[in-house]
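Visitor: I need the structure of the sequence given here:
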Amino acid sequence: MKHTTKIVLSGGPGGGKSEAIKLLENKLTELGFSVFCANEAATELLSEGFDREGKPAYEFQKEIAKRQLKHEAELEALAENRENAVIIFDRGLMDSRVYLNDAEFERLKTELGLCEVDLRDRYDAVFHMDSTSSGENTFYSLSEARTESRDSARRINERSLRAWCGNPHYRFIPVMPEFEAKFKILLREVKAFLGIPKPLEIERKYLIRYPDLELLKNLVCSKSHIRQTYLDGENGRFRLRERGENDRNIYILTKKEKISELVRVETEKRISREEYETLLAQNTQIGTIEKDRYCLMHGGVYYEIDVFPFWTKQAYMEVELLSESDPVIIPDFITLIREVTYDPAYKNSSLCRNIPAED
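Guide: Reported below is the predicted structural model:
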């Protein structure tokens with residue numbers, strides 16, 4: 001069965017999601033993708049006459065989640081076995097987190113029979129379309145469909161940014177003076193994610209002092225546990241990743257072809273748990289490494305901070321780039337030891353066999 005790529009456009013009111021989806025559909029279709037677009041479930045329910053007045057916010061969010069799941073099942077069935085199939089969603093299941101308190105969100109997960117990993121990482125990529133309400137000097141207007149005040153829209157935007165943090169491919173699309181410029185940034189990010197013209201992985205890697213984990217909890221940050229196994233098979237070496245929380249995980253098969261120490265051709269594929277276990281059993285295991293990953297969205301950049309059980313004074317940070325020339329800004333609360341992009345001893349595939357002493 002061919003893999004269907006699922007993309008979410010999220011963000012607060014006034015981010016331009018609806019317009020961007022239409023433009024993305026046209027651009028990706030021109031590039032040879034089979035594109036399917038899902039309407040925003042909340043807007044659809046309200047247009048059908050759903051009466052939310054006087055009802056708890058929970059009831060509305062539950063109906064939205066049920067409608068979202070229905071959309072996903074229908075579109076996945078349509079996209080099944082289509083070449084280069086992409087589904088674009090106007091918001092996704094994790095957006096319910098924006099409008100519910102902690103107890104309500106836990107109740108929703110229980111009633112849906114899903115955990116946070118199921119809600120957030122069922123999508124291959126999420127692009128946060130920053131709301132025009134986020135800046136003091138940006139134009140934010142009300143309309144028939146957009147009734148939130150600037151302050152309310154800003155709060156929704158901030159909560160949305162937090163809700164999706166932790167998705168394996170999360171990108172921030174900033175407000176620009178003209179929407180055309182903002183869409184160009186989005187299109188560049190989407191094309192890079194889809195591997196156009198090539199599926200390149202361009203990363204800078206840093207050795208850092210052990211981070212303040214309590215500080216990270218108060219930022220736009222999410223923690224996941226990762227178990228990576230490197231294997232040797234008939235067609236060469238590859239990596240299997242188990243990523244998630246408790247017993248709920250996603251499984252990813254990754255193959256890389258080295259272009260330089262900074263750049264690689266990378267192909268990733270979501271697989272089932274059964275496929276994961278079969279590949280583990282049928283191929284030669286080279287080594288396994290486990291770590292806690294803290295995904296941090298800060299200043300519009302998505303940082304991945306890996307904390308390993310064998311180090312107590314240092315950790316590892318990666319930043320994925322679109323171009324080798326892109327600058328990297330180190331957050332002021334991170335203490336840099338040195339860049340290790342070009343040091344093979346600090347590759348995860350090396351760490352699973354030989355652990356360097358702490359700097």
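
Visitor: who are the packing partners of the strand ranked longest in the chain?
Guide: Counting by DSSP state E, the longest strand found in the chain is strand 284-298. If you count contacts as 3 or more Cβ pairs under 8 Å, 6 or more residues apart in numbering; DSSP states H and E, strand 284-298 packs onto strand 170-173, helix 213-217, strand 221-233, strand 301-307, helix 348-351. Using the backbone N, CA and C atoms, a C-beta is placed for each residue, glycine as well.

Visitor: pull the residues that contact the next helix or strand after the longest one.
Guide: Read in the C-terminal direction, the helix or strand following strand 221-233 is strand 236-245, with elements assigned using DSSP states H and E. Applying Cβ atoms under 8 Å, 6 or more residues apart in numbering, the contact partners of strand 236-245 are 115-117, 121, 168, 224-231, 249-256, 276, 279-280, 286, 293, 349.

Visitor: for the protein, which spans come out with low pLDDT?
Guide: For the chain, applying pLDDT under 70 flags the ranges 1-2, 136-147, 246.

Visitor: the longest helix along it: how far from the chain's middle?
Guide: Longest among the helix segments of the chain by residue count, using DSSP state H, is helix 57-79. Mean-position distance between helix 57-79 and its chain equals 19 Å (Cα atoms, centre = their mean, to the nearest Å).

Visitor: likewise for stretch 294-306?
Guide: Per Cα atoms, centre = their mean, the centroid offset for stretch 294-306 relative to its chain is 11 Å.

Visitor: list the buried ones in it?
Guide: Neighbour-count burial for stretch 294-306 flags 294-298, 301-306 (criterion: 16 or more other Cβ atoms under 10 Å).

Visitor: first-to-last residue distance for it?
Guide: Start-to-end span of stretch 294-306 (Cα to Cα, to the nearest Å) is 6 Å.

Visitor: contact partners of the longest helix of the chain?
Guide: With Cβ under 8 Å, 6+ apart as the test, helix 57-79 has contacts from 4, 6, 34, 36, 38-39, 41-42, 44-45, 50, 52, 85-87, 89, 91-93, 96, 99-100, 104, 107-108, 111-112, 122.

Visitor: picking up where we left off before, got the angle between the longest strand of the chain and strand 236-245?
Guide: Here the directions of strand 284-298 and strand 236-245 differ by 50 degrees (axes from the mean of the first three to the mean of the last three Cα atoms, to 10 degrees).

Visitor: so what strands line up beside strand 284-298?
Guide: strand 221-233 (antiparallel), strand 301-307 (antiparallel) (DSSP bridges).

Visitor: mind checking the SS state of the closest residue to Tyr276 other than its chain neighbours?
Guide: Nearest residue to Tyr276, sequence neighbours excluded (Cβ to Cβ, 6 or more residues apart in numbering): Tyr251, at 4.1 Å. For Tyr251, the assignment made with DSSP: H, G, I helix; E, B strand; the rest coil gives strand.
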